[in-house]
Each structure stands twice: as structure tokens, then as C-alpha cells.
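Colleague: Provide a 3D model corresponding to the input given below.
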Amino acid sequence: MDEEAYENAYRIEELSEDADGRYYSMIVCESPATISAFQKRLGVEMDNQHRKPKNNRGDYFPEIDEHGNLKQSEGEIDLQKALIEGRPSDDDLEAYAQWKIDVIKSGNHILFALQSPIDSGRSSVGQKLKDPGGLHYAFGNDYVRDEKDGKLYYVNEREVRKQRGVVTWMMKKIGANLLSGKSIMNISLPVDIFERRSILVRNASLLGFAPLWIDRAAQILGDPLEQFRLAISYLTSKLHYGVEQKKPFNPIWGETFQGFVNGCPCYYEQVSHHPPIFSFQFYGHDYTIDGSLEMEARATPNTMKGAIMGLERITFKKTGNVIYMRNPFAVVEGLTYGKRSVHYVKKAVFFDPQNRLYCRILFDPDQSFFSFNRRFLHDHFEGEICRVSEAFVNAKLKEIKEGNKKLKAKPEDLTEVLGRLSGSFLDHLKIDEKVYWKIKELRPYAIEEASAPLPSDSTFREDMLYLLQDNIPMAQKKKEEMEELQRLYRRLRAEYRNCLLYTSDAADDLLCVDLGGRRIIKKK
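Modeller: Alright, predicted model coming up:
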């Protein structure tokens with residue numbers, strides 16, 4: 001295909017300006033027959049020996065025919081079927097991890113993703129989490145609530161000692177790097193302090209509470225206030241499940257996760273490295289939940305305060321109604337000395353612009369240094385459901401569009417109190433005289449992996465897979481390799497900001513193109 005024919009085969013959309021002041025346009029393929037020409041333009045050459053195209057890094061890509069279908073030999077199809085049928089149970093973590101590693105080494109996870117249709121939903125009902133060995137699904141024997149102060153204490157002393165040992169380890173590594181002239185920015189945390197999942201998967205697991213409340217809320221047509229109460233129940237009921245003290249793996253830019261909650265699909269992608277932001281979509285029964293959320297943390301020598309910043313949005317299909325939600329902050333105390341504990345502070349906010357509903361919940365309302373000034377324990381929260389003015393609604397919708405997601409309200413914005421609520425994130429929620437949930441009765445749905453996710457899926461991270469096998473040296477090696485690759489991409493992005501094609505996928509080996517094909521032109 002000559003240059004003119006290639007250019008005519010693609011439609012270039014109008015230039016737009018992104019948040020960084022750069023211009024981009026979308027390159028949209030008009031004909032599947034032009035894919036091979038596009039591969040050639042991107043530096044991909046055909047390897048006749050293996051019958052698959054490969055790029056200049058030696059990575060193989062599946063071949064596509066003129067109709068846009070995947071070309072596979074009978075041997076490839078048989079191997080793919082054998083790998084799928086040979087998948088071990090997720091309960092056998094070591095065997096499951098080895099199966100995943102073998103699939104990655106063979107490259108068949110790429111074939112799975114390309115050949116399989118997008119999973120848009122399952123007819124089967126998902127499984128709820130169970131209490132293993134008679135222990136609570138979230139707390140096990142690692143957490144205890146103190147009845148005197150209401151804090152949740154982490155009592156796994158082995159893990160606490162391991163985490164505190166990292167401080168000493170980091171100081172030694174910094175000193176060694178300084179003496180050898182190496183950068184202290186390239187120090188990688190020891191992999192054995194991490195839990196065996198990424199931030200994307202951890203956040204996706206919180207969606208397991210959505211079917212308990214939002215499935216019911218989506219069927220309500222004439223009572224927006226009850227729908228609003230159920231949205232409050234959803235957010236407050238899942239807070240206890242987000243207190244895990246092991247550190248999750250930080251996703252690399254472009255990392256994704258696909259899964260299912262009660263038969264409904266969810267999609268996650270790490271869309272920014274600095275600041276760390278991920279976007280997600282969940283397609284429930286007659287509703288969606290989506291958002292772009294930033295992980296934020298502030299630390300002192302012995303305390304860390306963090307939150308998932310940004311707005312989650314629930315959209316109900318039958319009514320078109322939208323509810324925005326913002327999370328409170330979590331406080332972890334005892335990082336370097338003393339007892340390790342966690343509780344929530346500041347506010348959670350809910351906003352329904354269509355029905356002018358607003359709720360602000362204050363967590364740990366008695367934030368005082370002196371315990372004798374307290375009226376409530378640390379796990380307590382309270383708030384009001386109010387009607388707000390039309391002017392407030394218009395102002396906040398404008399702020400949301402402009403990126404301001406704090407949703408602050410002044411007393412004069414609240415026109416009517418519609419209900420009061422109180423509770424404990426470790427025990428219950430009560431709105432007016434009705435108890436909406438009790439923690440001893442909560443059992444969320446488990447997150448299920450997609451059968452053929454993208455190759456950039458979190459479940460294909462080799463550092464996590466080797467950690468599942470307790471192969472610490474290999475897990476550490478793979479983790480450092482990924483971090484070094486991400487630093488390389490960051491340098492390349494800074495150096496080639498006016499590259500013809502720009503990648504938003506740090507896991508892509510083609511340094512100048514991603515699946516979206518965004519063209520970047522440096523702003524003059």
C-alpha cells in the first residue's frame with residue numbers, strides 16, 4: 001500500500017487540546033485491510049518463518065486477514081484450548097500462578113484477548129464472600145475493634161515488624177546508593193511487604209457491595225429519596241473492606257483490569273502515573289458506576305492519612321438519575337512505633353442534582369487530642385440528608401464539569417432537612433429510625449477475573465504471580481524490571497513530547513503508538 005492509499009484509509013479527527021496543553025487527534029481505521037500497512041508504518045515487519053508480524057524488539061503480534069479476522073493455525077487453536085481447559089482452580093494459588101506464567105511466556109494471552117469477544121456480562125449469579133475457618137471475610141484474626149476507643153487495631157505483629165523494618169532497610173539502601181554514586185530515586189521497596197494484588201483489583205473488590213444496594217435502587221422509579229439512602233448505604237457499608245494494611249502493587253501507566261461482580265463486568269485502567277489516577281466503569285443491572293480517582297496520601301513519622309480522591313458516579317438507566325459520591329479519608333496510626341490502628345475522618349459527600357438532594361457525613365466528628373472531650377468513639381459517623389437550592393445545583397454541576405470535585409455546601413445552600421443518619425463504619429448505618437445495614441449481616445460478592453482480558457491486565461503481572469508462589473527473589477526481580485521500564489518510558493515521553501504518535505499505555509512495547517492511536521503535536 002503506497003503512502004497516498006494509506007493516508008486515504010484513515011480518518012483523522014479534529015485536533016483537541018488535552019490537560020497538559022498538547023494537541024492530539026484520533027486516527028480511526030476505516031478498513032481492516034489496512035492493518036498490515038499500519039503495522040509496517042509502525043516499524044512492524046513480517047517474520048515469514050513464524051508467520052506472525054513482529055516489531056523491532058522481537059515481540060510477536062497475531063496476524064489478521066483482509067476481513068479483520070485472526071489467523072491461527074490448527075496447532076495454535078489446539079494449544080489455546082488446552083491452556084484454557086488446563087487452567088487450575090483459583091484456590092490453588094501456586095498452580096494458578098504457574099499456569100499464568102506459562103501463558104505469558106507462550107504469548108497466548110495475547111491470542112486469547114484478540115480472539116475472544118468482549119465479555120459484556122454473564123448469566124450466572126456471582127458468589128458472595130465466605131468466612132474462611134469461621135473468621136470474618138475482611139478482618140480474619142488480623143484486626144480487632146477496641147470497644148473503648150472505637151479504633152480498628154491491626155494485631156498481626158509479624159507483618160507490622162516486617163513493614164517497620166523497611167524504614168531501616170531504606171536508610172541502608174539510600175546510604176549505599178549515595179556512596180556508589182547511584183540515584184536514590186531508583187530504590188525499589190521489598191516485594192514481601194506487598195499484598196498479592198494491585199490497587200486496581202483492590203478497588204474493584206469494593207464493587208462487591210454494589211449489588212447489595214444499587215441493584216435495588218435501580219428498580220425504584222418514584223422515590224428518589226429512598227434511592228439516595230441506598231446509595232449512602234453502598235458507600236458506608238464498603239469502608240470496612242478498604243482497611244487492608246498490606247501495601248497493594250502500584251499499577252504502571254496503562255495497566256488494566258477486567259472482572260465481574262455478580263455477573264456484571266467492570267473495567268479499570270491506570271490513566272496517569274503522576275499523579276496516580278485510575279478510571280473505571282461498572283455495568284450493573286440497570287445502572288452504571290464510573291469515575292476517575294486519584295490515590296492521595298500524606299504522612300508524618302508515625303501517621304498516614306490517605307483517600308481515594310475524586311467522584312464516583314452512579315447513573316440509573318430507567319430514570320437517568322445521577323448520584324455523585326466522594327469518599328472520606330482513612331487515618332493509619334502506629335506506622336513506626338506504638339499500636340497500629342485505622343479509622344476514618346473528614347467527610348463523605350453525596351449529591352443528586354436532579355432531585356436537589358445532598359448529604360454530608362462527618363466521620364469521627366470529635367477529632368480532639370484530649371479523650372475526655374469526646375462524645376463518640378473513633379468509628380462513629382453522623383450526617384444529614386438535605387434539600388439544596390437550585391443555585392447550588394447549578395454551581396456544583398459547573399464545578400464538576402471544570403474538575404472541582406469537593407462539593408462543598410454552605411448553610412445557606414441547604415433549604416430543608418429531610419433526614420438524619422448515624423452509625424459506625426465497623427458496625428451499622430441508621431437513617432432516621434431504620435437500620436439499613438449491620439456489619440455482621442454484610443456479605444459482598446466476590447470479584448471474578450475475566451477469562452480473556454487484555455495483555456495489560458493486572459493478573460498478568462509477573463511480580464505478583466511469583467509472589468503468589470512465594471518466590472521472593474523472582475518477584476523482586478520482575479518488580480524492579482517493571483519499575484525500570486516505567487522510568488524509561490517516562491524519560492522517553494519527556495524527550496519526545498512531539499512524537500508523531502503518543503502512547504498512553506506504558507506496557508506497550510511500541511514506543512510511539514497505543515491502541516487508541518492518538519497523534520500528538522507539540523503546542524507552539
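Colleague: Could you give the number of residues near residue 141?
Modeller: When neighbours are defined as other Cβ atoms under 10 Å, residue 141 has 11 of them. Where C-beta positions appear, they are placed from N, C-alpha and C, glycine not excepted.
Colleague: tell me the pLDDT at the closest residue in space to it that isn't next to it in sequence?
Modeller: Once flanking residues are discounted, residue 141 sits nearest to residue 135: 5.7 Å by Cβ to Cβ, 6 or more residues apart in numbering. On pLDDT, residue 135 comes in at 78.
Colleague: how far away is residue 135 from residue 349?
Modeller: Here the criterion is Cβ to Cβ, to the nearest Å. By it, residue 135 lies 34 Å from residue 349.
Colleague: neighbour count winner among those two?
Modeller: Ranked by neighbour count (other Cβ under 10 Å), residue 135 and residue 349 place residue 349 first, with 22 against 11.
Colleague: helix or strand for that one, which one?
Modeller: Remark: residue 349 resides in strand 341-352, with elements defined by DSSP states H and E.
Colleague: centre of the chain versus that strand, how much separation?
Modeller: Computed by Cα atoms, centre = their mean, to the nearest Å, the chain-centroid distance of strand 341-352 equals 19 Å.
Colleague: Who are the packing partners of the following helix or strand past that strand?
Modeller: Next in sequence after strand 341-352, counting helices and strands by DSSP H and E, comes strand 357-363. Using 3 or more Cβ pairs under 8 Å, 6 or more residues apart in numbering; DSSP states H and E as the contact test, the elements touching strand 357-363 are helix 224-238, strand 341-352, strand 380-388, strand 414-424.
Colleague: And the strands in the stretch 51-200 of the chain?
Modeller: Using DSSP state E, counting those that start in this stretch, the strands assigned to the stretch 51-200 of the chain run over residues 52-54, 143-145, 152-154, 194-198.
Colleague: Could you say which one of these comes nearest to residue 271?
Modeller: Minimum separation from residue 271 across the strands of the stretch 51-200 of the chain (Cβ to Cβ) falls at strand 194-198, 14.3 Å.
Colleague: For residue 277, which non-adjacent residue is spatially closest?
Modeller: Nearest one to residue 277, counting by Cβ to Cβ, 6+ apart, is residue 294 at 4.7 Å.
Colleague: For that neighbour, give its distance to residue 443.
Modeller: 30 Å.
Colleague: ok, now residue 433?
Modeller: Residue 433 sits 25 Å away from residue 443 when distances are taken as Cβ to Cβ.
Colleague: more crowded one of these two?
Modeller: residue 443 (15 against 6).
Colleague: hang on, the more buried one packs against residue 127?
Modeller: No: Residue 443 is beyond contact range of residue 127, at 10.0 Å (criterion: Cβ atoms under 8 Å).
Colleague: contacting residues for residue 156?
Modeller: 142, 245 (Cβ atoms under 8 Å, 6 or more residues apart in numbering).
Colleague: go on, residue 241?
Modeller: 138, 205, 206, 208, 209, 444.
Colleague: Where does the second one fall, secondary structure wise?
Modeller: Secondary structure assigned from DSSP H and E places residue 205 in helix 199-205.
Colleague: for the record, mean pLDDT for that helix?
Modeller: 94.
Colleague: measure the residue positioned nearest the centre of the chain to residue 229 for me?
Modeller: Centre of the chain computed as the mean C-alpha position; nearest residue by Cα atoms, centre = their mean is residue 200, 2.9 Å away. Separation of residue 200 from residue 229 (Cβ to Cβ) stands at 29 Å.
Colleague: now the helices: where do they sit in this structure?
Modeller: 3-8, 35-41, 74-85, 93-106, 108-115, 157-180, 199-205, 210-217, 224-238, 390-402, 462-468, 472-495 (DSSP state H).
Colleague: Select, out of those helices, the one closest to residue 259.
Modeller: helix 199-205 (5.5 Å).
Colleague: What is that closest one packed up against?
Modeller: Looks like helix 199-205 contacts strand 247-249, strand 256-261, strand 264-272, strand 277-284, strand 447-449 (3+ Cβ pairs under 8 Å, 6+ apart).
Colleague: ok, the nearest residue in space to residue 336 that is not next to it in sequence - contacts?
Modeller: Using Cβ to Cβ, 6+ apart and skipping the chain neighbours, the partner closest in space to residue 336 is residue 302 (5.1 Å). Residues near residue 302 by Cβ under 8 Å, 6+ apart: 333, 334, 335, 336, 337, 338.
Colleague: Of those, which count as buried by neighbour count?
Modeller: The neighbour-count test (16 or more other Cβ atoms under 10 Å) marks 333, 334, 335 as buried among the contacts of residue 302.
Colleague: which one among those gets closest to residue 374?
Modeller: Nearest to residue 374 among the buried ones among the contacts of residue 302, with distances taken as Cβ to Cβ, is residue 333, at 15.9 Å.
Colleague: Can you check the pLDDT for that closest one?
Modeller: At residue 333, the pLDDT recorded in the model is 92.
Colleague: One more: the one 3 residues further on?
Modeller: Note on residue 336: pLDDT of 86.
Colleague: Residue 301 is in contact with that one, correct?
Modeller: Yes: using Cβ under 8 Å, residue 336 is in contact with residue 301, at 6.0 Å.
Colleague: And for the residue nearest to residue 277, the neighbour number?
Modeller: Neighbours of residue 294 (other Cβ under 10 Å): 14.
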